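Student: coordinates only, sequence not included:
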């Protein structure tokens, strides 16, 4: 019995010694399980956030039509920053290569012809957005068939004092008095050269845009310090940029450079057109395209009918290849309601369309079918584009609509335009050809 009692005491003693060690083991098991559960939850959350981020980036990057651009990013940018800062941010994003893209191939109905060359669609971006040629490829990736950079002045200049850009959201309009801020020709030329592939091969369909079915235009501006009546800045621009452009635009219509619009007067314009066409004709064919650039005149919407007729007469007698109608207007339609309507500068956007369209119709009636016109002013829908085609424009350009509706603007206009053309069982080229044939000037 004593032995049994001793063994029982030893057994209980052993249990008492072991018991304290068993509780921590059980606690560690619970802690490990809890930690593992929390880690799994974190992993799941991270994976979800990552997947959502990748999805959003894919929507952002691979589809410029996405509502995230039109209804989120663009309004946030416009309301967070002043107009000029927002503009600069947009250019930098497109320059970075992180801008979105138009993933859709252009419909055959949108095919356009320009001086015998085929473009994938008629929608271009007007000068004023990419002033210094920083984001050419980013803009082309948005689906534009032609990009016009500038205005570029021979020498750098700061432009007019800030603030100099004003949104008029109540009127879907913009007023700017930039005054040709430019990094100058040398800076832009360096960027254009950097775009050229190291082993570039010139083919028959090669363009300065370096993208099939697209063209690159360069808008030439005049330094504020240069003599107003002298054509020298434009001649310098032709000689400098001729080898790097498909189209050179002679801009005599900005309202924000003192005296510039005076170059639209008959005597000064005649001297200017003679000078720039002579400079262009003396150029060697471009090493990029094996061609000389086309020369296009950009005119104001504020011209009187007699002035338009005079300009048309000079164009018929010159070697100018086309005309852009139009630049911004200094008029202020009575329909404007936004508080910024009283700001000085050129007005663009929806209120400009009626006047620009009227000037284009007048000019179309006074120049031959061989001179293509490019419509610009208040275009933000496919219906707007079609209105210009029916007035005799071969191509169209957007500017303010792009600023308000964002990077999907070009694709939306093309989709709307394609739907309208399909409904009428026609094509852009057919509409343009018929309008130009009916409305153009013919020799008496």
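Tutor: Okay, I see it. The structure displayed is predicted, hence computed values, not measured ones. Numbering: from 1, shown residues only.
Student: now the most centrally placed residue in the chain: how far from residue 375?
Tutor: For the chain, residue 125 is the residue whose C-alpha lies nearest the centre (CA atoms, centre = their mean; 4.5 Å). Distance of residue 125 to residue 375, computed by CB to CB, to the nearest Å: 13 Å. Backbone N, C-alpha and C define where each C-beta goes, glycine included.
Student: same thing with residue 418?
Tutor: 18 Å.
Student: higher neighbour count, those two?
Tutor: Per other CB atoms under 10 Å, whichever of residue 418 and residue 375 has more neighbours is residue 375, with 28 against 19.
Student: now do the one helix or strand that one maps to, average pLDDT.
Tutor: For residue 375, the host element (DSSP states H and E) is strand 373-376. Model confidence over strand 373-376 averages 98 on the pLDDT scale.
Student: now do stretch 110-117
Tutor: Averaging pLDDT along stretch 110-117 gives 94.
Student: how far off centre is that stretch?
Tutor: Stretch 110-117 has its C-alpha centroid displaced from the chain centroid by 20 Å (CA atoms, centre = their mean, to the nearest Å).
Student: next, the buried residues of it.
Tutor: 110, 111, 112, 113, 114 (16 or more other CB atoms under 10 Å).
Student: so the fourth one sits right up against residue 430, yeah?
Tutor: No. Here residue 113 lies out of contact with residue 430, judged by CB atoms under 8 Å, at a distance of 10.9 Å.
Student: quick one: name whatever helix or strand follows the helix or strand harbouring residue 92.
Tutor: Take DSSP H and E as the rule and residue 92 turns out to sit in helix 83-96. As assigned by DSSP H and E, the chain's next helix or strand after helix 83-96 is strand 112-114.
Student: which residues are in contact with that following strand?
Tutor: 118-122, 145, 215, 372, 394-395, 428-429, 432 (CB atoms under 8 Å, 6 or more residues apart in numbering).
Student: any stretches of the protein with poor pLDDT?
Tutor: Low-confidence segments of the chain, defined by pLDDT under 70: 1-38, 44, 46-66.
Student: so which residues of the stretch 251-400 of the chain form helices?
Tutor: Secondary structure of the stretch 251-400 of the chain (DSSP state H, counting those that start in this stretch): helices at 266-281, 305-317, 353-364, 382-390, 400-405.
Student: stretch 105-113: end-to-end distance?
Tutor: Criterion CA to CA, to the nearest Å; first-to-last residue distance in stretch 105-113 is 17 Å.
Student: residues contacting residue 182?
Tutor: Here residue 182 is in contact with 131, 132, 150, 151, 152, 153, 156, 157, 159, 221 (CB under 8 Å, 6+ apart).
Student: if you set the cut-off to 6 Å instead, what comes out?
Tutor: Residues near residue 182 by CB atoms under 6 Å, 6 or more residues apart in numbering: 152, 153, 157.
Student: is it correct that the second one is in contact with residue 223?
Tutor: Going back to what we said before, that points to residue 153. Yes. Residue 153 sits in contact with residue 223 when judged by CB atoms under 6 Å, with a separation of 4.8 Å.
Student: select only the buried ones of the contacts of strand 112-114 in PyMOL?
Tutor: Entered in PyMOL, the line below selects the buried ones among the contacts of strand 112-114, by 16+ other CB under 10 Å:
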select buried, resi 119+120+121+122+145+215+372+394+395+428+429+432
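Student: just curious, which of the contacts of strand 112-114 is nearest to residue 205?
Tutor: Distance to residue 205 across those (CB to CB) is lowest for residue 118, with 8.3 Å.
Student: what ranges does the stretch 51-200 of the chain have for its strands?
Tutor: Assigned by DSSP state E, counting those that start in this stretch, the strands in the stretch 51-200 of the chain fall at 112-114, 117-119, 123-125, 146-152, 165-168, 173-176.
Student: dump those strands into a markdown table; add distance to residue 349 as well.
Tutor: What follows is the strands of the stretch 51-200 of the chain, written out as a markdown table (distance: least, CB to CB, whole Å):
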| stretch | distance to residue 349 |
| --- | --- |
| strand 112-114 | 24 |
| strand 117-119 | 25 |
| strand 123-125 | 15 |
| strand 146-152 | 18 |
| strand 165-168 | 7 |
| strand 173-176 | 3 |
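Student: looking at the ones you listed, which is closest to residue 247?
Tutor: Nearest of the strands of the stretch 51-200 of the chain (CB to CB): strand 146-152, 7.5 Å.
Student: show residues contacting that closest one.
Tutor: 124-127, 130, 133, 136, 139-140, 180, 182, 185, 188, 215-219, 221, 251.
Student: name every strand pairing with that strand and say which way it goes.
Tutor: Applying DSSP bridges, strand 146-152 is found paired with strand 123-125 (parallel), strand 215-220 (parallel).
Student: distance from that strand to the middle of the chain?
Tutor: 9 Å.
Student: what do you get for stretch 90-101?
Tutor: 11 Å.
Student: buried residues of it, list them for me.
Tutor: 90, 91, 93, 94, 95, 99, 100, 101.
Student: ok, the residues you listed vs residue 412, which is closest?
Tutor: residue 100 (13.0 Å).
Student: for residue 135, see how far away the closest one is.
Tutor: Distance from residue 100 to residue 135, by CB to CB: 13 Å.
Student: if we can go back for a sec, just checking, what packs against the strand holding residue 375?
Tutor: Under the contact definition 3 or more CB pairs under 6 Å, 6 or more residues apart in numbering; DSSP states H and E, strand 373-376 sits against strand 322-325, helix 353-364, strand 395-398.
Student: can you put these in JSON lines and add distance to residue 308?
Tutor: Shown next, in JSON lines, are the helices and strands packed on strand 373-376 (distance: least, CB to CB, whole Å):
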{"stretch": "strand 322-325", "distance to residue 308": "9"}
{"stretch": "helix 353-364", "distance to residue 308": "5"}
{"stretch": "strand 395-398", "distance to residue 308": "19"}
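Student: re earlier: residues contacting the strand holding residue 375, please?
Tutor: 126, 323, 324, 325, 360, 364, 388, 392, 393, 395, 396, 397.
Student: now that we have those, which of them are buried?
Tutor: 126, 323, 324, 325, 360, 364, 388, 392, 393, 395, 396, 397.
Student: residue 325 is in contact with the fifth one, correct?
Tutor: Read that as residue 360. Yes. Look at residue 360 against residue 325 with CB under 6 Å: they come within range, at 4.2 Å.
Student: for residue 136, which residues are in contact?
Tutor: Here residue 136 is in contact with residue 147 (criterion: CB under 6 Å, 6+ apart).
Student: measure it to residue 148 for me?
Tutor: For residue 136 relative to residue 148 (CB to CB), the value is 10 Å.
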